[in-house]
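[1] pasting the sequence and the predicted model now:
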Amino acid sequence: MVSLKFIGEKDKNALRASPSVELEDISEPNLMRDVFPYTEVPRMVFEDKRVPMDMPSEIFITDTTFRDGQQGHKPYTVDQIVRLFEYLHQLGGPKGIIRQSEFFLYSKKDKLAVEACRKKGFEFPQVTGWIRAHKEDFKLVKQMELKETGILTSASDYHIFLKLKWTRKKAVENYLDVARAAIDAEIVPRCHFEDVTRADVYGFAVPLARKLMELQEESGMRVKIRLCDTLGFGVENEYAALPRSVSKLVYTMVHDAGVPKEQLEWHGHNDFYRMIACAVSAWLHGCAGINGTLLGYGERTGNTPIEALCIEYAQLTGETNGMDLSVITDIAKYFRQDIKAKVARTKPFVGSEFNLTRAGIHADGLLKNEEIYNIFDTGRILKRPIQVAITDKSGVAGIVYKINELFEPGKKVDKKTAGIAEMYESIHQQYLDGRTTAISEDELVSLVMEFMPHVLLCEYSCRYPCRYEVSPKE
Ligand SMILES: [Zn+2]
């Protein structure tokens, strides 16, 4: 018999009516083995309590493509960074729905990229930095004349005890020191609560946030907090218990620590396939900013994709508010063609087949009304009209269209291109032999290599086979 694990009022991780805000300076790390046994998959724990929906009046997106995003991708060149920065500016629009973008500041290349992006003179995204919690690192931020920087302020005992070899008390002291140093240098500190979904929320995260809010009060300078779901443990279900509950983490920061909603950000990862649901939960429960990367590139399974957040923003608010969603398609193309990134063909909004239907022999039904098989008017909104897979109904014209769309050759293929008639015959024969499924992208690549290998030559300068790097005919 299957049963969920529920916790009661007195459990350490239960949402508290009147929370203590004193730091619990324990001598041994609390690794929460009941939730994170490690030798088994982690557990989801629930309680019979939830917090109200409380979406901020203004929500926005922040970018970490060039910081966290580069950790899961080959390094971008300065030119690529500048181009992507321009795209972020266009996508986010004049109201700054994509508000900020953060940069490393350590290498010469990092600095060149920051300078080149700032030279663009865009109001949005604002350029911010990212440093370790070392006071010396502020020199870098100051040198680059940045107004805000992220600071690593890890929140779980996994990081405090096992990685940094500190106690909780020492961690709080060090983090406050660094935040103070930022304020002294007139730089807004954005404290990244790393691994907060494994942190002792009432024993560490809330007391730390409280201290940071006291610092804000004393100094008159804003202190921001980013909740980092470093390993993707966040759970969006409203009855989930702390520390995995996204809504309750946001709630405790706003109500128990007094952090203004517009100074809160959520940063998620996709280890358990939950990053979008968690991001939306954070927005719905009082966190104004969601942090992500273009196409979700980032550590391990990736970060929350910015383009998906733009679509979620539009779904939640019912408006685009100045964003140009069609730029998503330009960005995807840039990643494929210039950065030579492998973009999974099924990746929502950007993959080559995200709106392709394999309705197969019933594809003609689609031609009657495209709404039957498309999520929205992808042609109008994303410059990506619905696509139909190749079948016996496609005809030579359909195959030509598909090859041009898939290979994006410099010189377009047409009905007279050598090999196309033979290729059509071969496909036609497969259906005469009883095939009922549509022709896949891989098969089409093989067919082009067999019947029209010249299309892959320089004259056509197509994006294959660099994307495939395989020869299908062994
Ligand atoms: Zn991260």
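    Noted; the coordinates are in hand.

[2] who's in contact with residue 104?
    Residues in contact with residue 104 (Cβ atoms under 8 Å, 6 or more residues apart in numbering) are 66-67, 70, 110, 129-130. All C-beta spots, glycine's among them, are computed from the backbone N, C-alpha and C.

[3] of those residues - the most surrounded one?
    Highest neighbour count within the contacts of residue 104: residue 66, with 27 neighbours (other Cβ atoms under 10 Å).

[4] tell me the phi and psi of residue 52?
    Torsion angles at residue 52 (phi, psi; degrees, to the nearest 10) stand at phi -70, psi 150.

[5] residues near it, how many?
    Neighbours around residue 52, by other Cβ under 10 Å: 10.

[6] which non-adjacent residue is nearest it?
    Spatially, and ignoring its direct neighbours in sequence, residue 52 is nearest to residue 285 (7.9 Å; Cβ to Cβ, 6 or more residues apart in numbering).

[7] need the contacts of residue 104 in CSV with distance to residue 232 and pLDDT, can you?
    Converted to CSV, the contacts of residue 104 look like this (distance: Cβ to Cβ, whole Å; pLDDT from 0 to 100):
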residue, distance to residue 232, pLDDT
66, 21, 96
67, 18, 95
70, 19, 89
110, 26, 93
129, 25, 95
130, 20, 93
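
[8] from those, which two are the most distant?
    Farthest apart among the contacts of residue 104 by Cβ to Cβ are 70 and 129. That separation is 14.2 Å.

[9] outline the domain layout of the chain.
    Annotated domains of the chain cover 7-337, 356-456 [automatic domain parsing].

[10] and the contacts of residue 104, which is closest to residue 59?
    Nearest to residue 59 out of the contacts of residue 104 is residue 67 (Cβ to Cβ; 21.4 Å).

[11] got the contact list for the closest one?
    With Cβ under 8 Å, 6+ apart, residue 67 has these contacts: 102-104, 130, 150.

[12] which SS state does residue 65 fall under?
    Put simply, residue 65 is coil when judged by DSSP: H, G, I helix; E, B strand; the rest coil.

[13] spit out the contact partners of it.
    84, 88, 101, 293-294, 297, 306.

[14] next up, phi/psi of residue 191, please.
    The phi and psi values for residue 191, taken as degrees, to the nearest 10, are phi -80, psi 120.

[15] please report the distance of it from residue 437.
    Counting by Cβ to Cβ, to the nearest Å, the separation of residue 191 from residue 437 is 53 Å.

[16] between these two, tell me which one has more neighbours.
    residue 191 (24 against 13).

[17] residue 144 versus the more buried one, what's the distance?
    Applying Cβ to Cβ to residue 191 and residue 144 gives a distance of 19 Å.

[18] and for residue 136?
    Applying Cβ to Cβ, the value for residue 136 to residue 144 is 14 Å.

[19] neighbour count: these two, which is higher?
    Neighbour count, other Cβ under 10 Å: between residue 136 and residue 144, residue 144 has more, with 18 against 9.

[20] so what pLDDT did the residue lying closest to residue 132 once chain neighbours are set aside get?
    The shortest distance from residue 132 to any non-neighbouring residue, by Cβ to Cβ, 6+ apart, is to residue 152 (5.4 Å). Looking at residue 152, its pLDDT is 93.

[21] same question for residue 367.
    Residue 367 is given a pLDDT of 54.

[22] low-confidence stretches in the protein?
    The model of the chain has pLDDT under 70 over residues 358-368, 458-474.

[23] grab the longest helix from it for me.
    helix 168-184 (DSSP state H).

[24] quick one: it to chain centroid distance?
    29 Å (Cα atoms, centre = their mean, to the nearest Å).

[25] ditto for stretch 116-135
    Offset of stretch 116-135 from its chain centre (Cα atoms, centre = their mean): 19 Å.

[26] the strands in the stretch 351-474 of the chain, which residues?
    Secondary structure of the stretch 351-474 of the chain (DSSP state E, counting those that start in this stretch): strands located at 356-357, 387-388.

[27] give me whichever of those is most buried.
    Ranked by mean neighbour count under mean count of other Cβ atoms under 10 Å, the strands of the stretch 351-474 of the chain are led by strand 387-388, which reaches a mean of 22.

[28] now for that one, which elements pack on it?
    On a contact count with 3 or more Cβ pairs under 8 Å, 6 or more residues apart in numbering; DSSP states H and E, strand 387-388 meets strand 356-357, helix 363-368, helix 395-407.

[29] still on that earlier bit, let's have the contacts of residue 67 in CSV, adding distance to residue 269 and secondary structure.
    Listed next are the contacts of residue 67 as CSV, based on distance: Cβ to Cβ, whole Å; DSSP: H, G, I helix; E, B strand; the rest coil:
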residue, distance to residue 269, secondary structure
102, 16, strand
103, 20, strand
104, 19, coil
130, 16, strand
150, 16, strand
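
[30] output those residues as a markdown table; include the columns distance to residue 171.
    As requested, those are exported to a markdown table (distance: Cβ to Cβ, whole Å):
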| residue | distance to residue 171 |
| --- | --- |
| 102 | 22 |
| 103 | 26 |
| 104 | 23 |
| 130 | 19 |
| 150 | 17 |
